[in-house]
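*Asks:* here's a sequence, model it:
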Amino acid sequence: MSSASTSPDEKERTLATDSPDNLSLVEDQHSGSQVEVHGSAVPADEHEDKHAVGDEEEGSDPESEGAETYEDDGDEHSDEDDEDEDDEEPVLKYERLGGDVHDKLLKKDSASALTYSNQLLALGTHAGIVHVLDLAGEVVKSVKPHSASIIDICMDETADFIGTASIDGQVVIYSLSTPEVYSFDKKRPMRTLALEPQFAKRSTRAFVCGGMSGNLVMHEKGWLGHKETVLHRDEGPIWQVRWRGRLIAWANDLGVKIYDTVSQMRLVFIDRPAESPRADLFKCTLYWQDDSTLLIAWADVIRVARIRDRPRPNTTPAAKQPPLLVEITAVFQLDCMITGIVPHPIPYSSHVVGPSPSMTQPLGSTIAAPVKTLTAFLVLAYTPPDTSFFNGNEVASSHAEQARKAAERPELRIINRAGEELSTDALSISGYEKWGCNDYVLVEVPSTTPGVANSYVVMSPKDVVVVRPRDWRDHVAWLVERKRYEEALEVLEKSSETSQEEDNDVDAIEIGQKYIEHLVSEGDFVKAARLCPKVCGQDVKRWEDWIFIFVQQHHLQAIIPYIPTETLTLGHLVYEMILAYFLSHDRQALLKTIKDWPNNIYDIPAVIVAVQAELERSPSSSANNTTTPDSVLLMECLAELYTANRQPGKALPYFLRLRRPNVLDLIRDNNLFTAVQDQALLLVEFDHELIEKRRKSGEQVDPGQSAAITLLVDHIHSIPIGRVVQQLQSRPYYLYLYLDALFAKDPHLTSHFADAQVELYAEYAPRRLIDFLRASSYYSLEKAYNVCEERDQVPEMVFLLGRMGNNKQALNLIIERLGDVNRAIDFAKDQGDEELWEDLLRYSETRPAFIRGLLENVGADINPIRLIRRIKNGLEIPGLKGALIKILHDFNLQTSLLEGCQTILNGDCSELAQTLHKDQTAGFLLNGRATCPICSLPLMETSQSLLLLFLCRHVVHAHCTGKTNLLSHSDVGARSGISGKIAL
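*Replies:* From the prediction side, this is the model:
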């Protein structure tokens, strides 16, 4: 790597001239600084930090290789050097130009000059032939304008006119599309020529040429032929000339000069260093980067010349001055000879020494402002094998020095504006050891596609090599070659997002495959699995192949989260294998997978069999023991599997054992009432657990309002009562709730279980037992009495004794045990037995409280006088006065009620009698079609017919009255009658 240094004593310089013949060096504080790059030559076999590009075995035929890509020469580098090179990615890529260039054109001839314009290359040979080629290397046209070597060649912007200069002294310009040809014999070997800009469109057909005669001549076409104008002479051969815009630059033995065609004045003379090597052996390269920037590469020195407008002076100048100034903005000295130079764009992150503000000023209306781009220099470097050119010892002193030494490989170097080498590639050119500095040509091929970098062409006598900047595809290939697959995929992904190209020839799948293989070999199965979705995509076979590889490596769990289940479906075996793995290793994951996966991607019955077998082997698989986590998970899996398989009936037992809150909804939604016949106890137990949870949470809940009981009662046709009762026998409370709900729905439904109900009511709802005894008639009175007697339920015993006819014992219980006169009176009223009343009165004779109670509650059932007469004299009865007053008040009230009722009855009878009389005496309409209800003949037989009209509005023939003594009431066209039958 070369380093750049700047002399502190050296001031910034601007080269300018007052006149073409009076050149001076003018100090200018705004000019660019001189930069020298120092370094030592490095032999080709010792390039430890350079890329050897395109090597081939010695003795091979380079022409037969066509457009094959250059490869590194591994024979001349050690393994350590190769490792160092692998760490640094090349910037450029190389391949030989295709077509017939190597196979035919250069097989017996050799190239001497090359230029490019408008998608065409013009190749000049030492045989004096010009081959016009397209960028693929195919020959468009070949002509032979010279009899000797073509030294320089150029084309106009349209690539229609080609100009050549040859050592045969001829300068020839001819058109590819028309017969137009211009030929000039200069009598001396010609070295260079340049066509004016827009040559094809200009009528002047101007060009400049020069050669060994030392004259730089401009030719312009006029009416009487071409006019010749000598621009320069007598300073040695003209080695190269280049024309851009209004400026012409040329090089001779003394240096480089720039000429302004508008003002027709020379602008500057840039001299050669005093110790420069021979100009004929190390050519000068002139390259116009833009209309105001000239790159000068001569021997081992690079100069950058910038042209700008001359500022207007404050005073009138003594002599006429050129309108433009030339500044040398940078000077670089390399450790090699430069055989070609072109600008090369570099990333913005690279360090670039830009021009000073004065260097970027536009040239007014005459010269366009340079485009500010970050560019470096692409240099074709040649290291001479003989150092005598540098020390001035050009005369050989021995036969060893006279022997021609083998040249080293040419190199392509990228050097930034700071003089730093960014990249160096050693080119393996066919026969490079025989070629000199002047045998190589470097040409820039501008890109016609926006966003695509320019390419370049390197020419040697036997090779034409195309040089292209490496793009993201090459970067990906370089990363893949070094097994940096992850970086390669990242680059590929970013490029696919930003690139609009459809013909993407980089196979991301193949790179991903290699990356996964690499990760698996390294044991990084998690990362390999994470990459599978991108690599496998929608390829079922690729997915299955990788899954089985993970199985073989015993790392199936790594790839399971990435296996597709919806957008892409693999074979059933794959999913069943995963479920079997979870069944053996992670049952929680098994349950989650069953819930998440679609149910059509695997064989559900096969999985059910496997899970069922595992549950049966579980030590806690009974219906009453679900506390073991594994058993719970397995039952949940079976419930989900049966539901997914549309077998909710088989899933129901597991839902019940798992206490799923939605089990009742499941039964209703899927009409599983038949399936729940044998699960009644589980269903009721589960429902009461939910009720208990709600009660503990502070919610007001009625334990009797059980949703499970309601479901069993509402569907007795699907869930037989006897079957439910049999299951609930072990849980009497649940049986009580069930039978009570059935009895509330229809008392006849529990007729077979009435005796059991008596016991259940006595146990769980004693206050409701009397209601059941009164409402039901299906229980055994004796059994019911025994049950009540065991629990000393006196009211129920009284009721039962009454129903059994043992009224006296019942009344005795009321009087002796309850002491409730009202109940005794009600009991006597209900029975309607006179003897019972007599017994009650007899029992009450010695009990003042009973006497008072009877006095307060007597009515139609017992005569108060009868009760009063039975009161013994001297018996003190508390509250007797009030009781008597109540009796009298009640009789007065009764009398008043009877009188009121009589008055109402008399009024109703009078009103009805009046209505009857009015109806009987009122007229009514009789139509002519009315018939006699006796003989059924028309009433109006004749106008003299005698008719009988009854108060009930019957009308009959008079002569028909003897036929019957009774007429039935019917409508005969008149209004309705009063009674159903009328006696005559």
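
*Asks:* now the strands for the stretch 51-200 of the chain?
*Replies:* Using DSSP state E, counting those that start in this stretch, the strands of the stretch 51-200 of the chain run over 51-53, 92-96, 111-117, 120-125, 130-134, 139-143, 150-155, 161-166, 170-175, 181-185, 190-195.

*Asks:* so for L737, which of these sits nearest?
*Replies:* L737 lies closest, by C-beta to C-beta, to one member of those: strand 92-96, at 88.7 Å. The way it works is simple: take the backbone N, C-alpha and C, and place the C-beta from them, glycine included.

*Asks:* quick one: the helices in the stretch 301-450 of the chain, in order.
*Replies:* 388-391, 399-402 (DSSP state H, counting those that start in this stretch).

*Asks:* mean confidence score for the first one?
*Replies:* Mean per-residue pLDDT for helix 388-391: 53.

*Asks:* pLDDT weak spots in the stretch 501-650 of the chain?
*Replies:* 501-505, 619-627 (pLDDT under 70).

*Asks:* so the residue nearest to F799 when sequence neighbours are not counted: helix, strand or coil?
*Replies:* Nearest non-adjacent residue to F799, counting by C-beta to C-beta, 6 or more residues apart in numbering: L773, 5.6 Å away. Following DSSP: H, G, I helix; E, B strand; the rest coil, L773 is assigned to helix.

*Asks:* which strands or helices does the helix ranked longest in the chain pack on?
*Replies:* In the chain, with assignment by DSSP state H, the single longest helix is helix 880-921. Where contact means 3 or more C-beta pairs under 8 Å, 6 or more residues apart in numbering; DSSP states H and E, helix 880-921 is packed against helix 848-857, helix 864-869.

*Asks:* what sits against the nearest residue to F673 once chain neighbours are set aside?
*Replies:* Nearest non-adjacent residue to F673, counting by C-beta to C-beta, 6+ apart: S718, 3.5 Å away. For S718, the contacting residues are F673, T674, Q677, by C-beta atoms under 8 Å, 6 or more residues apart in numbering.

*Asks:* could I get those residues as a markdown table with pLDDT and distance to Q588?
*Replies:* Shown next, in a markdown table, are these (pLDDT from 0 to 100; distance: C-beta to C-beta, whole Å):
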| residue | pLDDT | distance to Q588 |
| --- | --- | --- |
| F673 | 76 | 33 |
| T674 | 76 | 34 |
| Q677 | 77 | 33 |
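
*Asks:* make JSON lines out of these and add secondary structure and neighbour count.
*Replies:* Output for these, formatted as JSON lines (DSSP: H, G, I helix; E, B strand; the rest coil; neighbours: other C-beta atoms under 10 Å):
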{"residue": "F673", "secondary structure": "coil", "neighbour count": "17"}
{"residue": "T674", "secondary structure": "coil", "neighbour count": "12"}
{"residue": "Q677", "secondary structure": "helix", "neighbour count": "16"}
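
*Asks:* please, where are all the helices along the stretch 551-700 of the chain?
*Replies:* 556-559, 572-585, 587-596, 604-617, 629-644, 648-657, 663-669, 680-696.

*Asks:* per-residue pLDDT, H219?
*Replies:* Predicted confidence (pLDDT) for H219: 93.

*Asks:* dihedrals phi and psi, it?
*Replies:* phi -110, psi 130 (degrees, to the nearest 10).

*Asks:* can you check the one 4 residues further on too?
*Replies:* Note on W223: backbone dihedrals following degrees, to the nearest 10 are phi -70, psi -30.

*Asks:* how deep is it tucked in, by neighbour count?
*Replies:* Using other C-beta atoms under 10 Å, W223 has 5 neighbouring residues.

*Asks:* OK, contacts around it?
*Replies:* Counted by C-beta under 8 Å, 6+ apart, W223 has zero contacts.

*Asks:* now it: how far from S203?
*Replies:* 11 Å (C-beta to C-beta, to the nearest Å).

*Asks:* likewise for L773?
*Replies:* 135 Å.

*Asks:* what about the two, which has more around it?
*Replies:* Applying other C-beta under 10 Å to L773 and S203 shows that L773 carries more neighbours, namely 24 against 8.

*Asks:* correct me, but the more buried one touches V758?
*Replies:* Yes - using C-beta atoms under 8 Å, L773 is in contact with V758, at 7.4 Å.

*Asks:* list residues touching both of those two?
*Replies:* Y779, A784.

*Asks:* I figured S945 hits V956, correct?
*Replies:* No - using C-beta under 8 Å, S945 is not in contact with V956, being 10.8 Å away.

*Asks:* which of these two has more neighbours?
*Replies:* Higher neighbour count among S945 and V956: V956, with 22 against 14, using other C-beta under 10 Å.

*Asks:* mean confidence for whichever strand or helix holds that one?
*Replies:* Using DSSP states H and E, V956 sits in strand 955-957. Mean pLDDT, computed over strand 955-957, is 85.

*Asks:* which elements pack onto it?
*Replies:* Counting by 3+ C-beta pairs under 8 Å, 6+ apart, strand 955-957 packs on strand 947-949.

*Asks:* what pairs with the strand it packs on, and is each one parallel or antiparallel?
*Replies:* strand 955-957 (antiparallel) (DSSP bridges).

*Asks:* follow-up on the earlier one: ok, now which ones touch the residue nearest to F799?
*Replies:* Taking C-beta under 8 Å, 6+ apart as the test, what L773 contacts is V758, Y779, A784, E796, F799, L800, R803.
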